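Peer 1: Provide a 3D model corresponding to the input given below.
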Amino acid sequence: MKNCQGVMSSECREIARNSKSKLLRSEVETLSHCTDTTWLLPCNKRKRREDYTCLYDRISELPDDILVTVLSRLTIKEAARTSILSSRWRYLWKWFNGCLNFDNPLTMGDYNWTLGLGSQPLDVERHKFVSWVNQVLRSLQCHSLEGLRICFDVASNGDIHNWINFAVEKKVQKLDLDFSRVQDFSWPVAEYTFSPHLDSYSSFSSLTALSLNTVAVTGEALEHLLSCCHFLEVLTVIHSPCLTSLKVSGPSLRLKYLKLHLVLLQYVEIDAPNIISFEYSGSGIVFFRDVPNLTEVSFDGFVCTYIMHKLRQLSTILLQLHTLKLNLAFVSVPEAVPYDLPELCNLKHLEMEINLFDDDRLLPCAAFLRACPSLYKFTLKLFRVHPSSGTARTVKDHPYLSVCELSVRVVELVGFEGQRAETEFVMYLIEKAKLLEKIIIDPCIPKYLGTPKELLYRDSEEYHSARKHAIELGARFPLWDFVIP
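Peer 2: Here you go, the predicted structure:
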């Protein structure tokens, strides 16, 4: 019996050894196809191997051009900070070729919201800013640059001239010069004249966007610039006192976006087949020639008086627009506007700003709404100098406007206070716009939007009182979607 047990146990051990051997061979064959065998190591060695793998810097092994591309997606300050990572990164930032943005956010802003220069005088801040810009520009070794933006109250013409030469040398595509005043609340004075030597404009062959704010530039200089910069698509000029007339024309002109804020401009002619958007604030006369692709127009200032009196003459331009913005806050609108306004069959977005000191100031809004059969969104910005008297004729009393139907689907009111005229106008829209889907009511003052003053105003009693009126108005019409920030 014992012999049988011994034989059985020896046979079992032999079978077990054979099975174990086959299993190990199978596992080894499987593992031979695996690249990661760290789990075979003892625990302490495996831990060190894993730590080494996690800490290994593979990013630094990338080629220089890839690393420079990554750095160029950052701001110049962020890119420069990478120089402390290792010797590999020490000088890479100097090949930065993205957008250089030199802006002091503590001093520039909404007519200059004085968050303050701190205890430093303006001259000290200017010196620090100029030194900062010069130091960075001297350090860069790139062959080309996507963009250069310099935004500060700079009075050093020599330094500005060097910065523009730098932009030419680096083949800058987007150039933005904003020398707005920080502490002077008088009318902006342009102390720097943009490149008086016309021959130098041919050097801006790679320029695609140019913005000049508080920079002196003549119409002749701009026209020559447009003829030399064959890739220029965006042009912005703000506060240039010596610019009194401008002709934008040329069959090969690529210009698509034109923005002019020029009070002293008396005459502007646009003959640009590729232009899409035109924004103008001023008092000069505008002549449109060949503008088949123009679909977005914005008018502000006394030019709106000219527009309101020439609606029939401008009907060809108005008919092709998709977006129209009008600031009628200080414009006397003729009573004949509801009858002279042509049908704006292609208009999708209408934005108007009015001064609601009388109820009849809403009549032009209703007239434009009636003339837009395909309108999707209507934005109304309310500006006040004096409270509404409530004695003038309202929209519902007008014989021509009170019987029409409107097509607008989304209405946005900015600057809502809850006055009777505002409430009645909203009720008028609900009654006449059968397809109305959404009503957005924002009590914030329009000019505060996007500035540091917005947050302060939204915390004021005036704002919360107006918001309460908006909520109460929305509760009266539960079937409509009221959105109140």
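Peer 1: contacts for the strand or helix carrying residue 268?
Peer 2: Assigned by DSSP states H and E, residue 268 belongs to strand 267-271. Applying Cβ atoms under 8 Å, 6 or more residues apart in numbering, the contact partners of strand 267-271 are 244-250, 258, 260, 278, 280, 284-291. Bear in mind the C-beta positions are built from the backbone N, C-alpha and C, glycine included.
Peer 1: now could you export just the CA positions of it as CSV?
Peer 2: Output in CSV follows, covering the C-alpha atoms of strand 267-271 (Å, rounded to 0.1, in the frame of the first residue of the first chain):
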residue,chain,number,x,y,z
TYR,A,267,-15.1,112.7,-47.2
VAL,A,268,-14.6,108.9,-47.7
GLU,A,269,-15.1,107.0,-50.9
ILE,A,270,-15.1,103.2,-51.0
ASP,A,271,-14.5,101.3,-54.2
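Peer 1: Give me the sheet partners of it and which way each runs.
Peer 2: With DSSP bridges as the test, strand 267-271 is paired with strand 245-249 (parallel), strand 285-288 (parallel).
Peer 1: mean confidence score for stretch 123-143?
Peer 2: Averaging pLDDT along stretch 123-143 gives 91.
Peer 1: Give me the next element, helix or strand, following the strand holding residue 268.
Peer 2: Downstream of strand 267-271, the first helix or strand assigned by DSSP H and E is strand 277-282.
Peer 1: how much distance is there from that next one to the middle of the chain?
Peer 2: Strand 277-282 sits 16 Å away from the centroid of its parent chain (Cα atoms, centre = their mean, to the nearest Å).
Peer 1: again with stretch 352-363
Peer 2: 28 Å.
Peer 1: re the thing from before, just the buried residues of the contacts of strand 267-271.
Peer 2: Neighbour-count burial (16 or more other Cβ atoms under 10 Å) applied to these gives 246-250, 258, 260, 278, 280, 284, 286, 288, 291.
Peer 1: ok, which pair from those is furthest apart?
Peer 2: 250 and 284 (20.4 Å; Cβ to Cβ).
Peer 1: Got the confidence number for the closest residue to residue 140 other than its chain neighbours?
Peer 2: Among residues not flanking residue 140 along the chain, residue 94 sits closest, at 5.8 Å (Cβ to Cβ, 6 or more residues apart in numbering). Residue 94 is assigned a pLDDT of 92 by the prediction.
Peer 1: dump the residue contacts of residue 94.
Peer 2: Residue 94 touches 139, 140, 141, 142, counting by Cβ under 8 Å, 6+ apart.
Peer 1: now do 6 Å
Peer 2: 139, 140, 141 (Cβ atoms under 6 Å, 6 or more residues apart in numbering).
Peer 1: How many neighbouring residues does the second one have?
Peer 2: It refers to residue 140. Per other Cβ atoms under 10 Å, the neighbour tally for residue 140 reads 16.
Peer 1: Could you do residue 124 as well?
Peer 2: Burial of residue 124 is recorded as 12 neighbouring residues (other Cβ under 10 Å).
Peer 1: Phi and psi next, for it.
Peer 2: For residue 124, the backbone dihedrals are phi -70, psi -40 (criterion: degrees, to the nearest 10).
Peer 1: How about the secondary structure of the most centrally placed residue in the chain?
Peer 2: Compute the mean C-alpha point of the chain, and by Cα atoms, centre = their mean the closest residue is residue 450, 10.5 Å away. Going by DSSP: H, G, I helix; E, B strand; the rest coil, the secondary structure assigned to residue 450 is coil.
Peer 1: quick one: it from residue 384, how far?
Peer 2: Separation of residue 450 from residue 384 (Cβ to Cβ, to the nearest Å): 20 Å.
Peer 1: same check, this time on residue 462
Peer 2: Relative to residue 384, and taking Cβ to Cβ, residue 462 is found at 12 Å.
Peer 1: Among the two, which residue is more densely surrounded?
Peer 2: residue 384 (15 against 11).
Peer 1: Enumerate every residue touching that one.
Peer 2: Contacts of residue 384 by Cβ under 6 Å, 6+ apart are residue 356.
Peer 1: Now for the chain, the helix or strand with the poorest mean pLDDT.
Peer 2: Ranked by mean pLDDT, DSSP states H and E, the weakest helix or strand in the chain is helix 2-31, scoring a mean of 46.
Peer 1: quick one on the thing from earlier: and the residue nearest to residue 140, its phi and psi?
Peer 2: With angles defined as degrees, to the nearest 10, residue 94 sits at phi -70, psi -10.
Peer 1: which intervals of the protein have sub-threshold pLDDT?
Peer 2: 1-56, 104-120, 182-190, 196-202, 357-359, 385-403 (pLDDT under 70).
Peer 1: Show me it divided up by domain.
Peer 2: Split into domains by automatic domain parsing, the chain comes to 59-96, 313-485.
Peer 1: picking that back up, I'd like the strands paired with strand 267-271 as CSV, with distance to residue 431 appended.
Peer 2: Putting those into CSV (distance: least, Cβ to Cβ, whole Å) gives the following:
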stretch, distance to residue 431
strand 245-249, 44
strand 285-288, 36
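Peer 1: And the helices in this protein?
Peer 2: Taking DSSP state H as the test, the helices found in the chain are 2-31, 43-55, 64-71, 76-81, 122-139, 157-169, 219-228, 303-309, 315-319, 337-340, 363-370, 420-432, 452-457, 461-475.
Peer 1: which residues are contacting stretch 291-306?
Peer 2: Stretch 291-306 has contacts (Cβ under 6 Å, 6+ apart) with 270, 275-283, 307, 321-328, 331.
Peer 1: Just the CA trace of that stretch, in CSV.
Peer 2: C-alpha atoms of stretch 291-306 as CSV (Å, rounded to 0.1, in the frame of the first residue of the first chain):
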residue,chain,number,x,y,z
VAL,A,291,-18.9,97.1,-53.1
PRO,A,292,-20.7,93.9,-54.1
ASN,A,293,-19.5,91.9,-51.1
LEU,A,294,-20.3,94.5,-48.4
THR,A,295,-22.7,92.8,-45.9
GLU,A,296,-21.9,94.4,-42.5
VAL,A,297,-22.1,98.2,-41.9
SER,A,298,-21.9,100.2,-38.7
PHE,A,299,-22.5,104.0,-38.4
ASP,A,300,-22.0,106.2,-35.4
GLY,A,301,-21.9,109.9,-34.9
PHE,A,302,-23.3,112.7,-37.1
VAL,A,303,-23.0,110.6,-40.2
CYS,A,304,-26.2,108.9,-39.1
THR,A,305,-28.0,112.2,-39.7
TYR,A,306,-26.9,112.0,-43.3
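Peer 1: Off-centre distance for it?
Peer 2: Put simply, stretch 291-306 sits 20 Å off its chain's centre (Cα atoms, centre = their mean).
Peer 1: what does stretch 259-272 give?
Peer 2: From the chain centre to the centre of stretch 259-272 is a distance of 22 Å (Cα atoms, centre = their mean).
Peer 1: can you pull the buried residues of it?
Peer 2: Buried-residue list, stretch 259-272, by 16+ other Cβ under 10 Å: 259, 260, 261, 262, 265, 268, 270, 271, 272.
Peer 1: And for stretch 134-153?
Peer 2: Buried residues in stretch 134-153 (16+ other Cβ under 10 Å): 136, 137, 140, 145, 146, 147, 148, 149, 150, 151, 152, 153.
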